[in-house]
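Participant: quick one, what's the 3D model for this:
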Amino acid sequence: MRIKICGITTVEQGARIARMGATDLGFICVPNSPRYLNLTKLQTIVSELAAQANTVGVFADFSVATISHVVALTNLDTVQLHGTESVEFCHQLRQALPNAEIIKACRVRSSSDLAAIQAYTEVVDSLLLDAYHPDALGGTGQTLDWEQLSAFNPSIPWLLAGGLTPENVCMALSQVHPDGIDLSSGVEVSPGQKNLDLVDRLFTNLRSRLG
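Facilitator: Sure thing, here's the model as predicted:
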């Protein structure tokens, strides 16, 4: 199972979290986020951590040219689109970045959102389902309706996000069957500052469930 810890802001925390077992480390490229990394800092952190985990840059409503420029400078493995990007936009980005993984994040409010998400399966590599919040794109601590997702089974891999914590992750995984999970605020002291004790508890609880 992929285990992505998002909102990493320091090399030291990223390295320790990777050693604990994270398969993916996420870095926020959206300037209005409290977890934002500017390009210079992003280059430094990704270069230090690239050998330890898959590196994911999180973007929201950027241009294809801007995302491609950031990927070229930083060598990010994966681009996560967390805005209102259309299917056509994702197709254009795939043409521009044929070697990068593309994850489309979708904020779910109702079953109609789940139906609309299916259109992206032809143009991206993975999906990420997050909780809807009117004022924030992610990292809000709000959970999804897991029962609503119990039958969600797209043709490509998907990750579950939205308010996951060390305490509720096993309950979530008993109801839904994602290919991976994504945590940010659920393992933080404050935005961008991870609580390594909580991260350790997360992996302990996952090992007890997954074996």
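Participant: and the helices in this structure, which stretches?
Facilitator: For the chain, the helices defined by DSSP state H occupy 11-20, 39-49, 64-74, 87-96, 111-117, 169-175, 196-210.
Participant: out of the ones you listed, which gets nearest to Ser185?
Facilitator: Within the helices of the chain, the stretch nearest Ser185 is helix 196-210; the backing value is 10.4 Å (C-beta to C-beta). (C-beta placed from N, C-alpha, C; glycine too.)
Participant: okay, the angle between that closest one and helix 11-20?
Facilitator: If you take axes from the mean of the first three to the mean of the last three C-alpha atoms, to 10 degrees, helix 196-210 sits at 20 degrees to helix 11-20.
Participant: mind checking how far helix 196-210 is from the chain centre?
Facilitator: With C-alpha atoms, centre = their mean, to the nearest Å as the basis, helix 196-210 stands 18 Å off its chain's centre.
Participant: can you check stretch 60-76 too?
Facilitator: Averaged C-alpha coordinates place stretch 60-76 at 16 Å from its chain's average position (C-alpha atoms, centre = their mean).
Participant: partner residues bridging the residue nearest to the spatial centre of the chain?
Facilitator: In the chain, the C-alpha nearest the mean C-alpha coordinate belongs to Asp182, at 5.3 Å (C-alpha atoms, centre = their mean). For Asp182, the beta-bridge partners are Lys4 (DSSP bridges).
Participant: wait, what's in contact with it?
Facilitator: Contacts for Asp182 (C-beta atoms under 8 Å, 6 or more residues apart in numbering) come out as Lys4, Ile5, Cys6, Asp24, Gly26, Leu128, Asp130, Leu159, Leu160, Ala161, Leu164.
Participant: how about a cut-off of 10 Å?
Facilitator: Contacts of Asp182 were listed using C-beta atoms under 10 Å, 6 or more residues apart in numbering, and they are 2-6, 24, 26, 56, 58, 80, 103, 105, 128-130, 138-139, 159-162, 164.
Participant: so which of the helices of the chain is nearest Val123?
Facilitator: For the helices of the chain, proximity to Val123 was assessed by C-beta to C-beta; helix 87-96 is nearest, at 4.2 Å.
Participant: and the closest one, how far from the chain's centre?
Facilitator: 19 Å.
Participant: show the average pLDDT along that helix.
Facilitator: The average pLDDT within helix 87-96 is 98.
Participant: would you agree Gly186 is in contact with Asn205?
Facilitator: No - if you go by C-beta atoms under 10 Å, Gly186 and Asn205 don't touch, sitting 11.7 Å apart.
Participant: of the two, which one has the most company?
Facilitator: Gly186 (24 against 17; other C-beta atoms under 10 Å).
Participant: quick check: closest non-adjacent residue to the more buried one.
Facilitator: What sits nearest to Gly186 in space, not counting adjacent residues and going by C-beta to C-beta, 6 or more residues apart in numbering, is Thr165, at 3.7 Å.
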